[in-house]
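Engineer: fold the stuff below for me.
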Amino acid sequence: MHDTGFSKPTNEGMNLTTARSPFSVSSLSNGDDRKFSLGGCSSYDTDSVASRSSGVFSGYDTLDTPPSYDFYSNTEIFGRAKKSRPSLFQLHSNPQDDPSPPPLYEESSVDKQSPDEDEPTEPPPEPARFGWAQGVMIRCMLNIWGVILYLRLPWITAQAGIGLTWIIILVSSSITGITGLSTSAIATNGKVKGGGTYFLISRSLGPELGGSIGLIFAFANAVAVAMHTVGFAETVQALMQERDVSMVDKLNDIRIIGVITVTCLLAISMAGMEWESKAQVLFFFVIMVSFASYIVGTIIPATPEKQAKGFFSYRADIFAENFVPGWRGLEGSFFGMFSIFFPSATGILAGANISGDLKDPNVAIPRGTMLAIFWTTISYLIISATIGSCVLRDASGYINDTVSSLSGECLGVGCNYGWNFTECMTNKTCPFGLSNYYQSMSLVSAFAPLISAGIFGATLSSALACLVSAPKVFQCLCKDKLYPGIGFFGKGYGKNNEPLRSYLLAYIIAICFILIAELNTIAPIISNFFLCSYALINFSCFHASITNSPGWRPTFRFYSKWLSLLGAVVSVIIMFLLTWWAALIAIGIVIFLLGYVLYKKPGKTPTLFICVGLNQVEDHIKNYRPQCLVLSGPPCMRPSLVDFISTFTKNHSLMICANVITGGPSPGSVDSAKISTHLKWLDKRRIKSFYHTVVADDLHVGVQMLLQSTGLGRMKPNVLVMGFKKNWRKAQPNNIENYIGILHDAFDLQYGACVLRMKEGLDISRTMQAHVNLGFETSTEQALDTRSSTTTTSPTIDTSLDPEELMATSQPTTVFQTRQGKKTIDVYWLSDDGGLTLLLPYLLTRKKRWGRCKVRVFVGGEAQKVEDQKQELKALISRFRLGFQDVQVLPDINGKPQSEHIKRFEDLIAPYRVSSVQKDGQEADETTKDFSWMVSDEEMETFRAKSLRQIRLNEVIQDYSRDAALIIVTMPVGRRGACPSSLYMAWLEIVSRDLRPPVLLVRGNQENVLTMYCQ
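Structural biologist: All right, here's what the predicted structure looks like:
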């Protein structure tokens, strides 16, 4: 008799065959120390919550747990213990062989008899959170509206004319709108935390690029505080000058007013977000009242005093004259006006910058940002059109400049209304009119002081928004510790985690620039920094889309990767059109900061040492891709298996086809691998895959070598893929041991596992005399099972050809090479394995061949709670942003199978039964202990419930998925050393038996591969 390798440790090769593998996980990642109880081989504490819940949902009598929100959430609900997903060790290893195994999953509420004395009885206070209107839309609108709206838009209308002004407004809004769409897409790619622009960019393009733009963006916001404050101070100083009031002189008055103002704004900010938000609402109200006063003023008939200053209410000929350009001065050009107007559209990120203070950033940022862009654009268009229809370009302001009182030629539209402004127009000395008087909106307004109040509201609100944005962004940057010496400013205080130190830093920077009091040279740099942020946000959205990263799944669908690329390119172009030297400074700073971070990580060299550089990239859910080690043997022998895996790995993740050549190492065995021949076959089939061959004494040892050694650095597989062993009932028992042992080894090494089964089989070798892994299907089995091969067709084979030529030229067609049409991919997500069972169908549907297929997700449930459980699962899946809408709860999953199906299963396992012998008992014969593939009566009874569930699951699949294009089922897990290999093989057989569509049994490694968060 052959030694199976499972009954006792051996010294041959690598020892993975003991009941507890040396590669098993020895502790839980979450440090859970709750108690557990096990009896017998797998008789669990049936009173535990874990056992009861999994019995209903998963269909497996194990510690497997149904899908749960808790497993993917980073937060806990007060008053309820957070569930933990059982680890692969807990599910797979045999605790009886370990005197101190890690604890098993069980809710702490089961063991607790009374609450802990130190445990708080009331939930902690919730910090202030804002909705989309108050938190994003109003904040963005206030930041977009500014001094330019009141003091420069009428002047731009006079210079460019109403037509070109509208083009300037619409082009600016198009750029900000595209950036808003990209921001919305990034913000809805999972839950967003604090950090705003830096958070969005760093979590999409990486902290290196995000860090550089985050630092200059925070700095630009701090300087923008000074710019808006000085704008306010200049307006106040002008009002003081009208009344002959002065403290020192004009320049120092601006400095004093600016310092006092920014100090008051700092006090409001540090008082908390609630006070700051209330102040923003007050400013918004003041601005809206000023707008109403302006609109009413355009309708009220003009007084002689206003007419002398060029205001005549709505007139068609004034509109016609002002519709065309009237360029004047050095700045009189389209791009000159564009450069002056565009900074007024750069406040769209004000809401995203306080993402950590929003109730639901995924909803608030897209809705609030896009509505803010829409309404501010409408307001700009309305003000430009109305003031261009009411006010002349030039007027003298003298009440006596009428046609009747002045003789000579009369120029301009004013002549039509009895006013003669010819003299000042000719001499270019007119003090009033759109081209000369910046306060034209005050002139038109029904009550001029309201416009001054609007200017105050716009400048102060913009300064306040920037004063809040800069510290919030900088705090998130500090926590990532990308640059030395900035961590000190990242400390948060209070329930809202307010960055008080960062507030003080922004305050000091703002005061430094306020004291300069001349921002004409600084303002272009600020605008360029904002544009640089827009370019990077658009590029990050394009980059994430074009690379087809599995982690890129935004719920916001109204964006285009090409539109994002256009927005990035246009933003860079505008940077140079505004001020080329400022653009060079901004780009230079970004490159310098990026270079510094890359220098600190010397392994990340983009050329020769790129593979070494990958070692610096940390594992993260967002970066997860299924890297597949495919036990294909010679790839041409199992084309269906290779084609299927290539479907979702091509161009996006790693695929390695592996072959084990049995026998001792020798030059002949190495030559027989024919690696170049198989690579040629893969290349001809356009499959992007590596090919790896090992020589080993048997298949099991060979796969152990592959699992441990395949890959290079971070480029290593994390999912083992193999074909179903269709001939297992005719195979030698040690072959069954080897096959199941491979799955155990994969689980021990923290691999996910996939087993593909097709009705026609996978091996098409038939008469080809090639190297076939006998551990899988053999050509003999295939020859016995060629009844109705509809999935894989092979051309007539000329056996006279050399085997190498035969493998290189034969390219059989498989079902996975054709479009699947409007069929379904049915996913039976019965146990939570970290999400791999859901991720694979999502990756498939992103390909054209599977793109029209509808994914249906089936879960277990209780008849009394079907609707509630369905809504819970739909809510969980929607948070993953996979787009799966069809979720069905199966309350009959735990019903009793039909008696004939039970009889068929018993007949299936009958050749492997041992009667009246308990393998671990005192009476057991020593020779019987060696046959761990044999199933005793005790084991049949122990695993009876689990066996019946596999039978019942097959019945359910037969009912629901007869016409599916693909069936994906959560693979059951058998305990190493406790569950006989033949019984485990029978489970895999019965659950996938007699199914026409291909069946993929999937088991993740119990670690999350899906996330509901943005990071």
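Engineer: what are the contacting residues of the helix or strand where Leu876 lies?
Structural biologist: In this structure, Leu876 sits in helix 866-879 according to DSSP states H and E. The contact list for helix 866-879 (Cβ atoms under 8 Å, 6 or more residues apart in numbering) reads 67-69, 72, 555, 838, 857, 859, 861-862, 884-885, 887-889, 891, 1012. To be clear about C-beta, it is placed using only N, CA and C from the backbone, and glycine gets the same treatment.
Engineer: so which bits of it are buried?
Structural biologist: When burial is assessed from 16 or more other Cβ atoms under 10 Å, helix 866-879 yields the following buried residues: 869, 872-874, 876-877, 879.
Engineer: and the helix or strand following that helix, what does it pack onto?
Structural biologist: As assigned by DSSP H and E, the chain's next helix or strand after helix 866-879 is strand 886-890. Here strand 886-890 touches strand 854-860, helix 866-879, helix 944-960, going by 3 or more Cβ pairs under 8 Å, 6 or more residues apart in numbering; DSSP states H and E.
Engineer: which one of the ones you listed lies nearest to Cys478?
Structural biologist: helix 866-879 (29.0 Å; Cβ to Cβ).
Engineer: what about that closest one, average pLDDT?
Structural biologist: Averaged over helix 866-879, pLDDT sits at 85.
Engineer: return the distance of it from the chain's centre.
Structural biologist: Computed by Cα atoms, centre = their mean, to the nearest Å, the chain-centroid distance of helix 866-879 equals 21 Å.
Engineer: that one vs strand 886-890, what angle?
Structural biologist: Helix 866-879 runs at 140 degrees relative to strand 886-890, counting by axes from the mean of the first three to the mean of the last three Cα atoms, to 10 degrees.
Engineer: quick one: helix 866-879 to strand 854-860, angle?
Structural biologist: Orientation check (the same axes, to 10 degrees): helix 866-879 against strand 854-860 gives 130 degrees.
Engineer: just the CA coordinates for helix 866-879, please, in CSV.
Structural biologist: Once non-C-alpha atoms are left out, helix 866-879 reads as follows in CSV (Å, rounded to 0.1, in the frame of the first residue of the first chain):
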residue,chain,number,x,y,z
VAL,A,866,-36.5,37.1,3.0
GLU,A,867,-37.2,40.7,2.2
ASP,A,868,-35.1,42.1,5.1
GLN,A,869,-32.2,40.0,4.2
LYS,A,870,-32.5,40.8,0.6
GLN,A,871,-32.4,44.6,1.3
GLU,A,872,-29.4,44.1,3.6
LEU,A,873,-27.4,42.2,1.0
LYS,A,874,-28.4,44.7,-1.8
ALA,A,875,-27.2,47.6,0.4
LEU,A,876,-23.9,45.8,1.1
ILE,A,877,-23.3,45.0,-2.6
SER,A,878,-24.2,48.5,-3.6
ARG,A,879,-21.5,49.9,-1.3
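Engineer: Arg638 contacts Ile764, doesn't it?
Structural biologist: Yes. The pair formed by Arg638 and Ile764 meets the contact definition of Cβ atoms under 8 Å, at 7.3 Å.
Engineer: which of those two has more residues huddled nearby?
Structural biologist: Taking neighbours as other Cβ atoms under 10 Å, Arg638 and Ile764 compare with Arg638 leading, 30 against 24.
Engineer: quick check: the closest residue in space to that one that isn't next to it in sequence vs Phe816, distance?
Structural biologist: Computed as Cβ to Cβ, 6 or more residues apart in numbering, the closest residue to Arg638 that is not its neighbour in sequence is Leu762, at 4.5 Å. Counting by Cβ to Cβ, to the nearest Å, the separation of Leu762 from Phe816 is 11 Å.
Engineer: still on that earlier bit, the contacts of helix 866-879, buried ones only, as a PyMOL selection?
Structural biologist: Restricted to buried positions by 16+ other Cβ under 10 Å, the PyMOL selection for those reads:
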select buried, resi 67+68+72+555+838+857+859+861+884+887+889+1012
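Engineer: residue contacts, Leu578?
Structural biologist: 338-339, 342, 524, 527-528, 531.
Engineer: now do the contacts for the residue nearest to it when sequence neighbours are not counted.
Structural biologist: Residue nearest to Leu578 in three dimensions, not counting chain neighbours: Ser339, with 4.4 Å by Cβ to Cβ, 6+ apart. Counting by Cβ under 8 Å, 6+ apart, Ser339 touches 524, 527, 577-579.
Engineer: how far away is Ser339 from Ala583?
Structural biologist: For Ser339, the distance to Ala583 (Cβ to Cβ) stands at 11 Å.
Engineer: now do Leu531
Structural biologist: The gap separating Leu531 from Ala583 is 8 Å, by Cβ to Cβ.
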